[in-house]
Every structure is written in structure tokens, then in C-alpha cells.
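>>> Quick one, structure for this:
(chains A and B)
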Amino acid sequence: MLLVCPLFLEDKMELTHLRYHRQEILPGIGLEGQARLANAKVLVIGAGGLGCPALQYLAAAGVGHLGIADPDVVSLSNLHRQVLYGESDLGQMKVDVAKRRLLEINGALDIRIWPEVFGQEHCLQFINEYDVVLDATDQIASRYWISDACFLMKKILVFGAVSRFEGQVAVFKELSYRDLFPEIPTEDAVASCSIAGVLGVLPGVIGVLQATEAIKVITGVGQPLYDQLMHYQALHSTFYTLKLTPHPAATGYRPSSLEAYQTTDYTAACSPAVPLLSVEAWLQAREEFWLVDVRELEEQPRLDAIGAQVMPRSQWKERWRNGYGKKVVLVCQMGARSKQAAVLLKQNNPELSVFSLEGGVQALTHNHLI
Amino acid sequence: MAVQVLFFGQLTDITGTDQLVLEQVETTAQLEQELLARFPALVAVPFTMALNHRLVTQEQSLHQESIVACMPPFSGG
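Numbers count the residues shown, from 1 in each chain, chains lettered A, B, ... in the order given. Coordinates of the predicted model:
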């Protein structure tokens, strides 16, 4: 071990070589690779489970210019996987804490932060300033608008995503996420971490793989996962890699120009389509519907008077018995929970015709039905 | 002819397994139909297929020992 107090080393170059010595002696990286990292600009969208570990290693490796975008504050449920943050950071903006921590790791870095929602407009405006973009977000819509922007602007995108015990990483160069999944699925069809859960270390593995790929792209060492998707299954300790081919449907779904991109509504495209049923419409054809109260048993007022079946959401089984021969209309207090429940019910029982009662019990009360 | 099929992510909730062997399927389209017949709930979940580690974007014929992977999108981060 070389014990030299950095303060006594006046030559900045010498300090830099000392710091990155073990990386610089690697074949394929060397002084040139390290210089490329120092000059590189990497934009990390999302400073959560994937962004934290990716940023830590990019900063430590000496990637000179980092952009970090995240509109969230640190919350308690983040701490099991978002390793840049601690208990004393709760309630603070993630980008502020992340920048502080990363500068503690490597004070020479130039870090730019976006504490606001980094949306389509930001993509168009800022992506061009960066060499590589990391998608470390956690929503299906952002997967598409980031991928489309990078594709249209010919920017290399390092994609990462997780679910429960599994993760995916890809580097899109000639092709894009649209070649894998051309059409945006609705949000309810893709399990999110807040609903499906995630093993804390999993985004760590995938985020570090994203950082690894970015470093390979920048330095030119090895073979980056260009236009391939790698899947990691933590439970079996297995990797599966697939090579992308241009999907004939991708072009049709992707905005054809930057102008078209600006007017594409990604959020609307993936919002779940649950048909709502108004109280008036229900009253007109009451006998066609099977009214199901999804509220918990203690919630008032009860709906016995209008013949609602009681099936508290917490007691649902995945499959429902069929054969009632009626359309199902779910009701909750305000209409929000029944909407979510309807999405799930439809997903697990595609053969059922499912509706959510608009306005819930409140609307029923308003119409003097209870 | 036996074809091995791998399932990833939430697809395994529907299939109850992460792999199975299908007999008498000649093409990727037939295989998809067979899967939907066996597991009707798959219709509600988007997924893409890869044949021998290469993305399937049009119908392809299957052979003995072909491996088909069914991969859903993940959104979590």
C-alpha cells in the first residue's frame, strides 16, 4: 500500500495518477482511457435504486461531468436500496444529497442537477450536451420518452430496470427499446416496484452494470452490450442475453421526427384504460350489473340497501368464479380504489366485463340512493 | 420435436413455472398460440420472444432443441 498524504503532493497530475492508478494500468484503459473518462459527460435520469449505485461508481471512476435529474425527496422506503442516502437525508431533495455525496467521493467532478421533473422538453434540450444517457427511472412512460429521444438524437442509451428479484440492462445504439416492445403497454400491465416489490440489492447490481457499460462505451474497452438486452435472475444466479433485431413495428409507433416527439403524449398512452360507469348509467341498466363493494368491512355507510355484494379488496383471490353472467361494477368510497381494483380484476380475469363506479359511494349518496 | 420455453418476470406468476417443454410446435407463431391457449391470462401481459437468444420480430420455424425466451418489460428502478 502506498501511503502518501495527498496534501503534500503538489503536482495535480501526479495526484490524479495516484488516484486512478489501478484503473490506468488496465490494458485497454490506460492513461488515454482515464482521460476519456475525465472528459466524458454522462446524464443519469433518476437518482433512485439504479441511479445511486451507478452514480457512485461513475463518480469514483472519474467520469468528469455528471448530470443528475430527479424530482423526488428522500423517503424512508428508499433507504433499503438507494445507497447514496441516509436517515439524516430524509425529506431532502435527492439531487442535492446525491451531488453532495458524490463531491465527497470525488471533489474534482463537475455535477449539474435538475430537481424538477425531467420530461420530454428537457430531453430535447439537454440530451445533446451529453455523450451517454443512463435511464435509471422507474416508470414505463419514461422508458419510452427517453428511448425515443435518444434514438431520434442518435445518443447512446444505457437502460436499466428491475422487478422483484430480476433486472434488465441494455445499451441501445442503432436500435431502441421500441424494437423490444414497440407499443407502450398500459401501466397496470407492467408490475412496478411499489406494487410488486424489489430486493434491495437488485437495483444495485443492475445500476452497477449500467455504470460498467457506460465506462466501456466511453473508454472503448471490451464489447458493450450494444443492442442487446441482458436479464439477471438473482434467485437462480443466472444471466440471459438476447440480441435485438430491428422490429418492423417500431417505426410505426415511434415519433418520426423531433417535432412529432414534442407532441407525443407518453403518459396518456400508458394510463390504464378502465371503463368508468356513472351512477346514472348504472341506474338505467341495474339488472345487467353485479355491484361489488371492494371497501373494507369497517367502512361506512354500508351498501346492503342497494344489494351490493361485499368483497373487501384485502380478501381477494386472484381468480374469480365466473358464470354470474353479469357485468361487474366495482365500487369504493371515492372511485379511486375501485378503478385500481378493476384493472387488476380485468388482468386476472380477461373474460370478465369490468367497470368502476364513477365517484363511488359519494356519488351514490349524492343521488340519494343510500 | 421438443422446444424449450423460458419465462421471465411476472410471466412466471401466470405460467407457474420459469420453463417448460412444448412438443409439436413448428413455428414461433404456433408456439405463441399454444401458450395463450394454455395460459389465457398471458393475453393481458406484454412480452417479447427471443429464439436462441435472438429477438423474434416475424414468424420463424422451430427446431429440435430450440430455446424460446418470453421476456416482459420491467419498469422498476
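>>> can we go C-alpha only for contacts and neighbour counts from here?
Noted.
>>> okay, now residue 65: neighbour count?
As the question left the chain open, I've gone with chain A. With neighbours defined by other C-alpha atoms under 10 Å in any protein chain shown, the count for A:His65 comes to 21.
>>> that answer is for a different chain, and I need it for chain B
Number of residues near B:Glu65 (other C-alpha under 10 Å) recorded here: 12.
>>> One more: B:Leu31?
B:Leu31: 20 neighbours (other C-alpha under 10 Å).
>>> mind pulling up the phi and psi values for residue 45?
Reading this off chain A. For A:Ile45, the backbone dihedrals (degrees, to the nearest 10) come out as phi -100, psi 110.
>>> that's the other chain; I wanted chain B
Dihedral angles (degrees, to the nearest 10) for B:Val45: phi -120, psi 130.
>>> Next, the contact list for the nearest residue to it once chain neighbours are set aside, please.
With C-alpha to C-alpha, 6 or more residues apart in numbering or on different chains as the criterion, B:Val45 has its nearest non-adjacent residue at 5.5 Å, and that residue is A:Ala189. Contacts for A:Ala189 (C-alpha atoms under 8 Å, 6 or more residues apart in numbering or on different chains) come out as A:347, B:44-46.
>>> is it possible to export these to CSV including neighbour count, distance to A:Ile68 and secondary structure?
Shown next, in CSV, are the contacts of A:Ala189 (neighbours: other C-alpha atoms under 10 Å in any protein chain shown; distance: C-alpha to C-alpha, whole Å; DSSP: H, G, I helix; E, B strand; the rest coil):
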residue, neighbour count, distance to A:Ile68, secondary structure
A:Gln347, 20, 36, helix
B:Ala44, 17, 35, helix
B:Val45, 19, 32, coil
B:Pro46, 18, 30, coil
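>>> so the spatially most central residue of chain B is in which element?
Nearest to the mean C-alpha position of chain B, by C-alpha atoms, centre = their mean, lies B:Cys70 at 4.0 Å. Per DSSP states H and E: B:Cys70 is located in strand B:67-71.
>>> Hmm, A:Leu344 and B:Ala44 touching each other?
No: in this structure, B:Ala44 is not within contact of A:Leu344 by C-alpha atoms under 8 Å, at 10.2 Å.
>>> Could I get the full set of helices for the stretch 151-300 of chain A?
Assigned by DSSP state H, counting those that start in this stretch, the stretch 151-300 of chain A shows helices spanning A:177-180, A:193-196, A:201-219, A:250-253, A:258-262, A:266-270, A:279-284.
>>> Looking at those, which is nearest to A:Arg313?
Minimum separation from A:Arg313 across the helices of the stretch 151-300 of chain A (C-alpha to C-alpha) falls at helix A:193-196, 14.5 Å.
>>> wait, what's in contact with residue 25?
Going with chain A. Shown in contact with A:Ile25 (C-alpha under 8 Å, 6+ apart): A:Leu31.
>>> Please refer instead to chain B.
Residues near B:Val25 by C-alpha under 8 Å, 6+ apart: B:1-3, B:31, B:62.
>>> List buried residues within those residues.
Buried subset of the contacts of B:Val25 (neighbour count, 16 or more other C-alpha atoms under 10 Å in any protein chain shown): B:2-3, B:31, B:62.
>>> which ones among these are found in strands?
Those of the buried ones among the contacts of B:Val25 mapping onto strands are B:2-3, per DSSP state E.
>>> what's the most distant pair in the buried ones among the contacts of B:Val25?
B:Ala2 and B:Leu31 (11.3 Å).
>>> Compute the distance between the closest residue in space to A:Tyr266 that isn't next to it in sequence and A:Asp148, please.
Excluding the flanking residues, the one nearest A:Tyr266 by C-alpha to C-alpha, 6+ apart is A:Ala141, at 5.5 Å. A:Ala141 sits 11 Å away from A:Asp148, going by C-alpha to C-alpha, to the nearest Å.
>>> thinking again about what came up before, direction included, what does the strand holding B:Cys70 pair up with?
Strand B:67-71 pairs in its sheet with strand B:2-7 (parallel), strand B:48-51 (antiparallel), by DSSP bridges.
>>> Mind putting those into CSV with mean pLDDT?
Shown next, in CSV, are the strands paired with strand B:67-71 (pLDDT from 0 to 100):
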stretch, mean pLDDT
strand B:2-7, 96
strand B:48-51, 97
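>>> Please convert these to a markdown table, extending it with distance to A:Leu15.
Formatted as a markdown table, the strands paired with strand B:67-71 follow (distance: least, C-alpha to C-alpha, whole Å):
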| stretch | distance to A:Leu15 |
| --- | --- |
| strand B:2-7 | 50 |
| strand B:48-51 | 48 |
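>>> is it true that A:Gln23 lies in a helix?
Yes: assessed with DSSP: H, G, I helix; E, B strand; the rest coil, A:Gln23 lies in a helix.
>>> What distance do you get for it to A:Ala189?
Distance, A:Gln23 to A:Ala189, using C-alpha to C-alpha: 43 Å.
>>> same question, A:Pro312
Distance, A:Pro312 to A:Ala189, by C-alpha to C-alpha: 22 Å.
>>> for A:Cys150, same thing?
Counting by C-alpha to C-alpha, the gap from A:Cys150 to A:Ala189 is 25 Å.
>>> cool, and A:Gln362?
Applying C-alpha to C-alpha, the value for A:Gln362 to A:Ala189 is 29 Å.
>>> Over to B:Ala37?
For B:Ala37, the distance to A:Ala189 (C-alpha to C-alpha) stands at 19 Å.
>>> and what of A:Gln210?
For A:Gln210 relative to A:Ala189 (C-alpha to C-alpha), the value is 25 Å.
>>> for the helix or strand hosting the residue nearest to A:Tyr266, what is the average pLDDT?
Counting by DSSP H and E, the element that carries A:Ala141 is helix A:140-152. For helix A:140-152, mean pLDDT is 96.
>>> what number of residues lie near A:Ala59?
Counted with other C-alpha under 10 Å, A:Ala59 comes out at 27.
>>> scratch that, B:Asp18 is what I was asking about
When neighbours are counted by other C-alpha under 10 Å, B:Asp18 comes out with 17.
>>> Next one: it from A:Phe289, what distance?
Taken as C-alpha to C-alpha, the span from B:Asp18 to A:Phe289 is 38 Å.
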